[in-house]
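Visitor: pasting the structure only:
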């Protein structure tokens, strides 16, 4: 609520309206990295979560030699399965011109490890789980 309130006040302030927000508060917020616009930016926690899941996918690639996470790989792969499904969905929406949290850097990172944007017609074997 605080962030939304500050952004709304900032817009009004820029239009010359009287609001509790002033130059001093604007400077203080900018000093701690406050973003006045959320356009084109995913929240920091999403970026962190994306990076963590990307690292999990890279580990999968190292272990299996490919980035084709099977969609029926059991509970051990649930998080990773959801991640790859979301990335493909975001990519399709992006290609249609919709706004999505997936950015060009993330697309390049995924492609660099051999990620496929479509699994149509590709048979993926379920990975063998290591016995302990």
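Guide: Everything's here; your move. Bear in mind the structure is a predicted one, so any value in this text is a computation, not a measurement.

Visitor: any stretches of the chain with poor pLDDT?
Guide: Where the chain drops to pLDDT under 70, the residues are 38-44, 73-75, 121-132.

Visitor: list the buried residues in the helix ranked longest in the chain.
Guide: Looking across the chain with DSSP state H, the single longest helix is helix 44-64. Buried residues in helix 44-64, counted by 16 or more other C-beta atoms under 10 Å: 50, 53, 54, 57, 60, 61. Yep, even glycine has a C-beta here, placed from its N, CA and C like the rest.

Visitor: quick one, the helix or strand just after it and helix 44-64 angle?
Guide: Counting by DSSP states H and E, the next helix or strand C-terminal to helix 44-64 is helix 78-95. Orientation check (axes from the mean of the first three to the mean of the last three C-alpha atoms, to 10 degrees): helix 78-95 against helix 44-64 gives 110 degrees.

Visitor: mind checking the SS state of the residue of the chain most remote from its centre?
Guide: Going by C-alpha atoms, centre = their mean, the residue of the chain most distant from its centre is residue 18, 36.5 Å out. What DSSP: H, G, I helix; E, B strand; the rest coil gives for residue 18 is coil.

Visitor: for residue 12, see how far away it is.
Guide: The gap separating residue 18 from residue 12 is 8 Å, by C-beta to C-beta, to the nearest Å.

Visitor: which residues touch residue 105?
Guide: Listed by C-beta atoms under 8 Å, 6 or more residues apart in numbering, residue 105 has no contact partners.

Visitor: what distance separates the one helix or strand it maps to from the centre of its chain?
Guide: Here residue 105, judged by DSSP H and E, is contained in helix 104-112. Helix 104-112 sits 11 Å away from the centroid of its parent chain (C-alpha atoms, centre = their mean, to the nearest Å).

Visitor: please consider this matter closed, and thank you.
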